[in-house]
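**Q** Here is a sequence together with a model predicted from it:
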Amino acid sequence: MDLRSCRVLVTATSFGKSDPTLRAYLESQVGEVVYNHTGKPLNPAQLAEFLPDIDGFIAGLDTINAEAMQTANRLQVISRYGVGVDNVDLEYTRKKNIIVTNTPGSNSVSVAELAIGLMLALIRQIPQAVQATRAGDWPRVNGLSLEGKTIGIVGFGSIGKQLGQRLKGFNCRILAYDPFPDLPFAAELGIQVCTLDELLNQSDIVSLHLPLSPATQGLVDEDFINRMKPGTMLINTARGDIIDEADLYNALLRGQLSGAALDVFCQQPPDPSNPLLSLPNVLATPHMGAHTDGATNAMGWMSLRDCLAVLRGEEPKFRVP
């Protein structure tokens, strides 16, 4: 197919922000590029207005279901700017012969770094200390140290392994759980692979790095939390729907958990009335795990190359089965 006759939709809001040559290159290759200027992921109704006569789609965190794709009369490829494809109706895309790609490993380092940042902010009460100091106070904040603590990594894939590598420098004990763990990697770093119950029983901090699937949706519920050591802190930089937010709120309220840091929520952005946002021991960030120069550049070029490959009639490098 002649790329100059193609129209490409880009809804990933950070696409090309840290590397302007990304947008320039895409615009030089295809006939027209349509951008999402709302600054937010699009819902199905909004997407349905964009997709007529679109050949390639570089997608952010939009909800790409059958309703959204009903108007996609020319769509050949959805190139996910990121790893997760839980927002894409894969059954529908297969039925319509729309190829879906993603960018595995592109944001692993950035998300792992944020997870460590959230851990430190939580255990040292950094946001509260900053706020108090700005208000003219000079509090003696008694925090915790990562050194000597047990950190549990639930999901030992690309991001979980990057987190484990970086935590070694803090001289803490690291446990990992994964249905299909990389045992040689864990052994090389001295990370103990164990059952989920063992991890929850022993960890001072639990960090979630699981994909969203029917098996993981709502995994962190009352039963899961009650298996955790009292006073544990929870970090979630994966997907909001992994957690039952009502059960998490109740656990924080009654002190079963001493704190949580959440980069993701079931509804994004969360409603300001979300009870979790009212708790002083909850840190909330706006799904920013992948928003670094390194990650956005890698995701941008990987998604762009696979999108153009499909439009040329070639096999993409990172096709989703």
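**A** Structure's in. What do you need? Numbers count the residues shown, from 1 in each chain.
**Q** Tell me where this protein has helices.
**A** 21-29, 44-50, 66-69, 90-95, 108-123, 126-134, 158-167, 183-189, 196-202, 222-226, 245-254, 293-311 (DSSP state H).
**Q** JSON lines please, covering these and showing distance to Gln268 and mean pLDDT.
**A** To be clear about C-beta, it is placed using only N, CA and C from the backbone, and glycine gets the same treatment. Output for those, formatted as JSON lines (distance: least, C-beta to C-beta, whole Å; pLDDT from 0 to 100):
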{"stretch": "helix 21-29", "distance to Gln268": "24", "mean pLDDT": "96"}
{"stretch": "helix 44-50", "distance to Gln268": "15", "mean pLDDT": "97"}
{"stretch": "helix 66-69", "distance to Gln268": "17", "mean pLDDT": "96"}
{"stretch": "helix 90-95", "distance to Gln268": "20", "mean pLDDT": "96"}
{"stretch": "helix 108-123", "distance to Gln268": "16", "mean pLDDT": "97"}
{"stretch": "helix 126-134", "distance to Gln268": "20", "mean pLDDT": "96"}
{"stretch": "helix 158-167", "distance to Gln268": "19", "mean pLDDT": "97"}
{"stretch": "helix 183-189", "distance to Gln268": "32", "mean pLDDT": "97"}
{"stretch": "helix 196-202", "distance to Gln268": "26", "mean pLDDT": "98"}
{"stretch": "helix 222-226", "distance to Gln268": "22", "mean pLDDT": "97"}
{"stretch": "helix 245-254", "distance to Gln268": "12", "mean pLDDT": "98"}
{"stretch": "helix 293-311", "distance to Gln268": "18", "mean pLDDT": "95"}
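**Q** Output these in JSON lines, with mean neighbour count appended to each entry.
**A** What follows is these, written out as JSON lines (neighbours: other C-beta atoms under 10 Å):
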{"stretch": "helix 21-29", "mean neighbour count": "15"}
{"stretch": "helix 44-50", "mean neighbour count": "16"}
{"stretch": "helix 66-69", "mean neighbour count": "18"}
{"stretch": "helix 90-95", "mean neighbour count": "14"}
{"stretch": "helix 108-123", "mean neighbour count": "22"}
{"stretch": "helix 126-134", "mean neighbour count": "13"}
{"stretch": "helix 158-167", "mean neighbour count": "22"}
{"stretch": "helix 183-189", "mean neighbour count": "13"}
{"stretch": "helix 196-202", "mean neighbour count": "16"}
{"stretch": "helix 222-226", "mean neighbour count": "16"}
{"stretch": "helix 245-254", "mean neighbour count": "18"}
{"stretch": "helix 293-311", "mean neighbour count": "22"}
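**Q** Can you lay out the ones you listed as TSV showing distance to Leu3?
**A** Listed next are these as TSV, based on distance: least, C-beta to C-beta, whole Å:
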stretch	distance to Leu3
helix 21-29	5
helix 44-50	19
helix 66-69	22
helix 90-95	21
helix 108-123	30
helix 126-134	47
helix 158-167	31
helix 183-189	40
helix 196-202	48
helix 222-226	48
helix 245-254	44
helix 293-311	6
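**Q** Residue ranges of each domain in the protein, please.
**A** Following automatic domain parsing, one finds the domains of the chain at 3-106+292-311, 108-284.
**Q** Specify the stretch among the ones you listed that is closest to Phe318.
**A** domain 3-106+292-311 (4.9 Å; C-beta to C-beta).
**Q** what about stretch 178-198, start to end distance?
**A** By C-alpha to C-alpha, to the nearest Å, the extent of stretch 178-198 from end to end equals 12 Å.
**Q** Start the count at 45 instead of 1 going forward.
**A** In the new numbering, first residue 45, that becomes stretch 222-242.
**Q** any residues touching it, and which ones?
**A** Outside stretch 222-242, the residues that touch it by C-beta atoms under 8 Å, 6 or more residues apart in numbering are 197-201, 204-205, 208-209, 212, 217-221, 271.
**Q** now it, how far from the chain's geometric center?
**A** The chain centroid and the centroid of stretch 222-242 are separated by 22 Å, computed with C-alpha atoms, centre = their mean, to the nearest Å.
**Q** same question, stretch 201-216
**A** Mean-position distance between stretch 201-216 and its chain equals 17 Å (C-alpha atoms, centre = their mean).
**Q** And for stretch 262-274?
**A** Remark: stretch 262-274 is offset 21 Å from the chain centroid, using C-alpha atoms, centre = their mean.
**Q** picking up where we left off before, for my notes, please list the domains of the chain in CSV and give distance to Pro365 for each entry.
**A** As requested, those are arranged in CSV below (distance: least, C-beta to C-beta, whole Å):
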stretch, distance to Pro365
domain 47-150+336-355, 9
domain 152-328, 14
